[in-house]
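Asks: the following block contains a protein sequence and its predicted model.
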Amino acid sequence: MRTMMWMCIAMLVSLAMVAGCESPSEEAPAESAESAAVEEAPAEEKAAPESALVVEAREVAALRAKIKANPGQVDALLAEAEMTQQELEAKIFEITADPAARAAYVDASK
């Protein structure tokens, strides 16, 4: 059980390092006066609804924070979240494969 916990911690550290090492995006070219004059839609209309995986990523980050704070209660915390250690690991791998979910996990982990 302790080995599994350390494996998860190692995966999370790797995830944080990968997220922190992403190359910066190229700067967008300056907008012309015409395009600047065009009215933009409110942010609420532009924002796409969050995927279920992004929501789960935040939940997993919260669970991992609880586990880190209470390492002696891993089994109880997993039971409370209705997950097994294997399901948690599988979900972490799924989250790391999706850029939006990975970003949500890293943000929630801060």
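Replies: The structure has been received and is ready for your questions.
Asks: tell me the pLDDT at the nearest residue to Arg58 once chain neighbours are set aside?
Replies: Beyond its immediate neighbours in the sequence, the residue positioned closest to Arg58 (C-beta to C-beta, 6 or more residues apart in numbering) is Ala108, lying 4.4 Å away. From N, CA and C alone the C-beta is placed, and that goes for glycine too. Reading off the confidence values, Ala108 has pLDDT 93.
Asks: what about Ala108, which helix or strand?
Replies: With secondary structure defined by DSSP states H and E, Ala108 is part of helix 99-109.
Asks: could you dump that helix to PDB, C-alpha only?
Replies: What follows is helix 99-109 as a C-alpha-only set of coordinates in PDB (Å, rounded to 0.1, in the frame of the first residue of the first chain):
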ATOM      1  CA  PRO A  99      -4.300  18.700 -21.600                       C
ATOM      2  CA  ALA A 100      -7.400  20.500 -20.200                       C
ATOM      3  CA  ALA A 101      -7.800  18.000 -17.400                       C
ATOM      4  CA  ARG A 102      -4.100  18.100 -16.600                       C
ATOM      5  CA  ALA A 103      -4.200  21.900 -16.400                       C
ATOM      6  CA  ALA A 104      -7.200  21.800 -14.100                       C
ATOM      7  CA  TYR A 105      -5.500  19.200 -11.900                       C
ATOM      8  CA  VAL A 106      -2.300  21.300 -11.600                       C
ATOM      9  CA  ASP A 107      -4.300  24.500 -10.800                       C
ATOM     10  CA  ALA A 108      -6.400  22.700  -8.200                       C
ATOM     11  CA  SER A 109      -3.200  21.200  -6.700                       C
END
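Asks: quick one: buried residues of that helix?
Replies: Applying a neighbour-count criterion of 16 or more other C-beta atoms under 10 Å, one finds Ala101, Arg102, Ala104, Tyr105, Val106, Ala108, Ser109 buried in helix 99-109.
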